[in-house]
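*Asks:* Could you work out the structure for the sequence below:
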Amino acid sequence: SGSPRRFEVKPMSSVLSAADVDRLRRYATRRPAQSREAAEAEVQAETERIWRERETAELRRDPTFAQIPRFHLKRSHAPRTSAHRGGGGGGARASAASSADDQRRALEEGVGKLARRRLREHMLSLMLEPAELDECWRLLRAHASPPASPLDERIDYAGFCRVADAMPARLGRHFFGAEHFLRFPNDPWGRVSIVHYFCWLRSKTAILRTRIEFSIYDHSTDGTLGERELEQWVSDLLPQLPALRELREEFFPFYKVTAVRKFFFFLDPRRRGRISLQKMLSSPIMHELLELRRGDLGQEELRQNWFSLEYAEMLYSDYLELDADQNGMLSVGELMRFRGGAPPGGGLTAPFVQRVFQECHTYRTKSDDGVAQSELDYKSYLDFVLAHSYKGTPEALTYFFKLLDLRRAGRLLGLDLAYFFRAVLEKFDELGEEPNCLVADVQDEIFDMVKPADPRYITLQDLINCRVGDTIVGMLTDAHAFYQHDRREELMPHDGEGAGEG
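*Replies:* From the prediction side, this is the model:
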């Protein structure tokens with residue numbers, strides 16, 4: 001209510017003096033009507049002339065201004081036309097300035113390419129070749145220190161130094177220094193485990209190799225990879241993974257999306273579209289992917305590995321099964337059938353699934369009867385699956401908290417909990433189960449489980465810190481998850497159950 005706010009243009013006395021502003025105004029008003037581009041060019045030229053006059057005056061007052069280096073600002077010389085200078089010689093000067101700028105940019109690009117090449121060469125020099133790794137293993141065992149133990153060979157610092165002297169000199173500083181020996185726990189004889197050290201050495205070499213590979217795909221040279229760059233890296237990595245040798249060509253695009261999505265879900269929490277190379281190299285997700293380089297992985301290990309062909313095909317098969325109309329995307333009704341490990345029929349509630357479509361990236365399509373609706377694509381579905389598969393992680397809890405936070409206030413009130421749990425009770429009725437609880441009781445139970453810093457509401461950090469965030473998310477979104485929590489004592493096996501009578 002009241003009169004609208006009025007905004008005044010404040011004088012920029014710290015930038016232009018009042019006299020300069022008046023001159024600009026007089027200059028603008030006395031010119032005949034002209035196009036917007038021409039007027040902008042003339043104003044720019046006049047502003048630059050004023051700045052040059054001020055710089056000249058400052059230099060006359062104190063010549064040392066010209067000697068002050070500019071560390072943080074680059075001088076930008078925009079190409080100027082003859083209209084900017086107002087004379088025939090202006091075009092020649094603008095052309096010369098433009099040529100100088102082009103040369104400077106070319107020089108900067110050349111220096112950048114040379115620096116990146118030198119960095120790759122340096123990292124390549126630190127890599128141990130397979131033959132060098134074999135030789136290092138042989139030397140470590142040959143210089144093992146007493147007392148000997150065939151199951152746990154160890155080496156003291158003197159033997160470690162003899163191994164360092166026998167290895168190529170380029171490796172000593174980076175792998176065989178005193179700080180590397182002290183990385184590992186010493187026993188009473190001052191020895192370290194040969195196996196532990198060698199595993200570290202091999203892992204360090206593998207990380208270096210991967211870092212060098214990443215530098216080839218880092219086109220922006222900022223130490224990050226975008227989605228397409230990471231997909232290209234995965235494509236080039238496939239021939240090195242024996243576990244994926246049976247990957248069919250028609251499934252290849254879906255496999256790339258599946259593999260890359262896990263990296264972005266966990267390592268790009270702010271959804272900027274780029275992942276730090278340092279985060280990738282230190283992430284267990286990278287280790288999980290590179291595990292497929294082993295040719296001796298068992299079937300159980302492959303079934304548990306997100307990047308295995310078996311797991312990727314299972315994910316895509318589930319997606320196709322949910323896609324009842326076979327249009328390549330999932331509607332609210334189709335996602336409602338998501339089981340997530342629960343019994344057939346699924347236990348997700350309608351309000352929760354609707355929140356997925358409100359907060360996640362969707363596409364507008366038309367149903368068979370011509371009604372417009374929002375649908376999820378395969379990438380958004382994979383985010384949903386990742387959140388359910390790793391429900392207790394901070395990244396998954398962040399995903400769910402965004403869906404539960406109806407008011408986008410960064411906190412969950414008792415009303416929010418009651419809203420979602422009422423839908424769980426309605427789901428129980430659909431499934432023909434008796435909940436045997438009240439909304440208020442469950443609401444109090446959740447606050448007792450979380451123990452929030454402020455007893456009036458629950459924040460994301462409270463949900464992460466309580467260490468039962470996955471259970472709470474299940475209680476509010478999935479009837480099957482709440483059933484398992486509510487009947488946990490009945491479902492728990494009892495001591496002596498199934499044993500025969502004595």
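*Asks:* From here on, just use CA atoms for contacts and neighbour counts.
*Replies:* Will do.
*Asks:* Just name the shakiest helix or strand of this protein by mean pLDDT.
*Replies:* The weakest-scoring helix or strand in the chain, judged by mean pLDDT, DSSP states H and E, is helix 82-85 (a mean of 46).
*Asks:* Now do the strands in the stretch 351-500 of the chain.
*Replies:* For the stretch 351-500 of the chain, the strands defined by DSSP state E, counting those that start in this stretch cover 363-366, 372-375.
*Asks:* Burial check on Val473, number of neighbours?
*Replies:* For Val473, the count of nearby residues is 21 (other Cα atoms under 10 Å).
*Asks:* Let me know the distance separating it from Leu406.
*Replies:* Val473 is 14 Å from Leu406, where distance means Cα to Cα, to the nearest Å.
*Asks:* What of Thr56?
*Replies:* Here Thr56 is placed at a distance of 60 Å from Leu406 (Cα to Cα).
*Asks:* what separates the helix or strand hosting Ala115 from the chain centre, distance-wise?
*Replies:* For Ala115, the host element (DSSP states H and E) is helix 88-126. Offset of helix 88-126 from its chain centre (Cα atoms, centre = their mean, to the nearest Å): 31 Å.
*Asks:* Downstream of that helix, the next helix or strand is which one?
*Replies:* helix 130-142.
*Asks:* Please save the CA atoms from that next one in CSV.
*Replies:* Extracted in CSV, the C-alpha atoms of helix 130-142 (Å, rounded to 0.1, in the frame of the first residue of the first chain):
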residue,chain,number,x,y,z
PRO,A,130,54.3,-51.9,-15.4
ALA,A,131,57.8,-53.2,-15.6
GLU,A,132,59.0,-50.7,-13.0
LEU,A,133,56.2,-51.7,-10.7
ASP,A,134,57.2,-55.3,-11.0
GLU,A,135,60.8,-54.4,-10.3
CYS,A,136,59.8,-52.3,-7.3
TRP,A,137,57.8,-55.2,-5.9
ARG,A,138,60.8,-57.5,-6.4
LEU,A,139,63.2,-55.0,-4.6
LEU,A,140,60.8,-54.4,-1.7
ARG,A,141,60.7,-58.2,-1.0
ALA,A,142,64.4,-58.6,-1.6
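*Asks:* which helices and strands sit right next to that helix?
*Replies:* Secondary-structure packing of helix 130-142 (3 or more Cα pairs under 8 Å, 6 or more residues apart in numbering; DSSP states H and E): helix 157-166, helix 194-217.
*Asks:* Compare the ones you listed and say which comes out lowest on pLDDT.
*Replies:* When the helices and strands packed on helix 130-142 are ranked by mean pLDDT, helix 194-217 comes last with a mean of 88.
*Asks:* list the buried ones in that helix?
*Replies:* Neighbour-count burial for helix 194-217 flags 194, 197, 200-201, 204-212, 214-215, 217 (criterion: 16 or more other Cα atoms under 10 Å).
*Asks:* per-residue confidence at Ser76?
*Replies:* pLDDT for Ser76: 47.
*Asks:* Lys279 is in what secondary structure piece?
*Replies:* If you go by DSSP H and E, Lys279 is part of helix 277-282.
*Asks:* CA atoms only: put the helix or strand following that helix into CSV for me.
*Replies:* For helix 277-282, the following helix or strand on the C-terminal side (DSSP H and E) is helix 284-290. Provided in CSV are the C-alpha atoms of helix 284-290 (Å, rounded to 0.1, in the frame of the first residue of the first chain):
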residue,chain,number,x,y,z
PRO,A,284,35.2,-43.6,-4.2
ILE,A,285,32.9,-43.4,-7.2
MET,A,286,36.0,-43.3,-9.5
HIS,A,287,37.4,-46.3,-7.7
GLU,A,288,34.1,-48.1,-8.3
LEU,A,289,34.3,-47.4,-12.0
LEU,A,290,38.0,-48.4,-12.3
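*Asks:* Contacts made by stretch 419-428 with the rest, please.
*Replies:* The contact list for stretch 419-428, computed with Cα atoms under 8 Å, 6 or more residues apart in numbering, reads 347, 349-352, 404, 434-435, 439, 475-479.
*Asks:* tell me the angle the helix holding Ala115 makes with helix 194-217.
*Replies:* Going by axes from the mean of the first three to the mean of the last three Cα atoms, to 10 degrees, helix 88-126 is angled at 160 degrees with respect to helix 194-217.
*Asks:* which secondary structure elements does helix 88-126 contact?
*Replies:* The helices and strands touching helix 88-126, judged by 3+ Cα pairs under 8 Å, 6+ apart, are helix 82-85, helix 169-175, helix 194-217.
*Asks:* Between the ones you listed, which one is closest to Asp62.
*Replies:* With Cα to Cα, the closest approach to Asp62 among these belongs to helix 82-85: 27.6 Å.
*Asks:* returning to what we had before: can you redo the helices and strands packed on helix 88-126 as JSON lines with distance to Val356?
*Replies:* What follows is the helices and strands packed on helix 88-126, written out as JSON lines (distance: least, Cα to Cα, whole Å):
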{"stretch": "helix 82-85", "distance to Val356": "55"}
{"stretch": "helix 169-175", "distance to Val356": "49"}
{"stretch": "helix 194-217", "distance to Val356": "33"}
